[in-house]
Every structure is written in structure tokens, then in C-alpha cells.
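> Quick one, structure for this:
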Amino acid sequence: MCYPIYTQYNKASGIVGIPYNIRTDFYNDFIRSNHINVTNIRQMLRNNSSINPKAMLVINPCNPTGAVLTRIEMENIVKLCVEFNMVLIASEVLQETVCIRNHSAIYNHVSISKFISFREVINSMQEPYNQLELFSIYSASKSLLNFPSFRTGYLELLNIDSDICKEIYKHVSIDIATNTVAQIVLDILVSSSLENDKSNLK
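From the prediction side, this is the model:
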């Protein structure tokens with residue numbers, strides 16, 4: 001199941017989504033529920049030559065379980081994207097609403113893994129995996145302080161062609177900008193995140 005907003009964007013843009021299964025054992029094994037089975041996805045793509053995927057969407061941490069992908073799982077996803085020439089779209093808006101086991105749960109999200117950004121994972125890998133094209137999504141409305149009224153966030157681009165970056169910048173520049181207060185909130189959240197977690201600087 002994909003988050004509804006992505007499904008609606010697909011319909012509006014004429015994009016055909018290819019659903020993939022995840023390990024779901026919510027009641028019996030909450031900690032390991034909603035993790036991506038890369039082996040099954042690879043087998044599905046190999047067995048269906050008519051499928052020509054352009055991008056893979058990954059929501060990490062998972063909504064609603066809060067399950068966080070491990071570094072090994074993320075590396076396998078990166079390898080899958082490179083193998084099938086897919087761009088990776090990472091929705092990482094819930095990165096601040098997870099906790100480590102034995103710590104107090106935030107919003108009842110539980111995880112045995114610390115959140116790691118796909119940017120960090122890609123930059124730590126060898127060629128050709130460190131050249132994977134990545135679109136990373138972040139939103140202040142899903143931050144730890146929870147600012148639902150501040151409809152602001154950012155799209156981070158990694159290894160994206162400069163001409164494509166220019167077109168994206170042009171597109172967002174003509175859109176309606178969020179209010180000044182929301183922009184200040186986003187700046188504070190990003191700045192504090194960079195200071196507290198050096199992995200974001202990589």
C-alpha cells in the first residue's frame with residue numbers, strides 16, 4: 001500500500017505504479033513489520049520483461065508502523081535500483097519520529113534501528129552505487145516538534161543532472177511559496193539537524 005498522496009500524484013501525472021510486497025506481520029512481530037523484501041522485487045522484475053520501471057519509491061521510516069530500514073536493507077535497495085536503472089525516491093519525512101528499543105516511544109513508533117539517510121548510504125558505497133540518482137523528501141509538518149500547519153519541506157537532489165535540477169528549480173519557483181514563519185521553522189529544523197547529526201553532512 002502506498003501513501004495516498006503518491007497514488008494521487010501518479011494518477012494526475014499519468015504514472016503507472018507497480019506495487020511491491022513488504023514483510024507484514026504487524027501483530028506478531030511489530031519490530032520487523034513493514035520491511036522491504038528486495039529479493040522478491042528483483043525476482044518479480046526479472047520474471048516480467050515487459051515491466052520497465054523508472055523509479056522506486058521507498059518510505060523510510062515506514063508509515064504507520066515506524067519501522068526503520070537497516071543499512072544492509074538500504075544498500076540492497078540501492079543495488080536493486082542500479083541493476084534495473086531506476087531512480088530512487090526516498091520519503092524520509094518521519095525520520096525524527098522514531099526511537100531506539102528500550103527508549104520511550106514517540107507517537108508509539110518503535111524501531112530497533114537508528115534512522116540513516118539514503119544519502120549517507122549511497123555516499124558510503126563504491127561505484128557504481130555511489131552514483132545512484134536520489135530524490136530525498138523531508139517535511140517540517142512531520143518533524144519531532146510536529147508543525148502540521150507549516151506546509152513546508154524540501155527536496156534534496158543527489159547525483160541528478162544539472163539540467164534536470166534547473167528545470168525542477170524553475171518549476172518550484174513559479175509555485176506559491178509557503179509563509180515566512182514556516183520557512184524560518186524549516187531553517188531551524190535543518191540547521192539543528194546538521195549540528196546534532198554529522199551524518200547529514202556527508
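> Now do the same contact list for Arg46.
Residues near Arg46 by CB atoms under 8 Å, 6 or more residues apart in numbering: none. From N, CA and C alone the C-beta is placed, and that goes for glycine too.
> What helix or strand is it located in?
Per DSSP states H and E, Arg46 falls inside helix 38-47.
> pLDDT weak spots in this structure?
Applying pLDDT under 70 to the chain flags residues 1-4, 21, 23-34, 64-65, 97-113, 142-150, 176, 192-202.
> since we're on Ser136, how many residues are nearby?
20 (other CB atoms under 10 Å).
> tell me what whichever strand or helix holds it is packed against?
Element membership of Ser136, judged by DSSP H and E, is strand 134-139. With contacts defined as 3 or more CB pairs under 8 Å, 6 or more residues apart in numbering; DSSP states H and E, the packing partners of strand 134-139 are strand 87-91, helix 118-124, strand 153-158.
> I'd like the distance from the helix holding Arg46 to the chain centre, please.
Centroid separation for helix 38-47 versus its chain: 20 Å, with CA atoms, centre = their mean, to the nearest Å.
> List the buried residues of it.
38, 41, 45 (16 or more other CB atoms under 10 Å).
> likewise stretch 57-72?
Those would be 57-63, 65-69, for stretch 57-72 by 16+ other CB under 10 Å.
> Next, give me the two most distant ones among those.
Leu57 and Gly66 (18.0 Å; CB to CB).
> Give me the phi and psi angles of Asn10.
Dihedral angles of Asn10 (phi, psi; degrees, to the nearest 10) stand at phi -60, psi -50.
> who are the neighbours in contact with it?
With CB under 8 Å, 6+ apart, Asn10 has these contacts: 16-17.
> and Val78, how far is that from Ile174?
33 Å (CB to CB, to the nearest Å).
> Give me the angle between the strand holding Ser136 and strand 153-158.
Relative orientation of strand 134-139 versus strand 153-158 (axes from the mean of the first three to the mean of the last three CA atoms, to 10 degrees): 160 degrees.
> what angle sits between the longest helix seen in the chain and strand 153-158?
Criterion DSSP state H: the longest helix present in the chain is helix 180-196. Here the directions of helix 180-196 and strand 153-158 differ by 50 degrees (the same axes, to 10 degrees).
> other SSEs contacting helix 180-196?
Short answer (3+ CB pairs under 8 Å, 6+ apart): helix 180-196 packs on strand 153-158.
> The strand it packs on: which residues count as buried?
153, 156-158.
> Need those residues in a markdown table (columns: distance to Ile22).
Putting those into a markdown table (distance: CB to CB, whole Å) gives the following:
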| residue | distance to Ile22 |
| --- | --- |
| Gly153 | 24 |
| Glu156 | 24 |
| Leu157 | 26 |
| Leu158 | 24 |
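> just these now: which is nearest Gln183?
Nearest to Gln183 among those, counting by CB to CB, is Gly153 at 10.8 Å.
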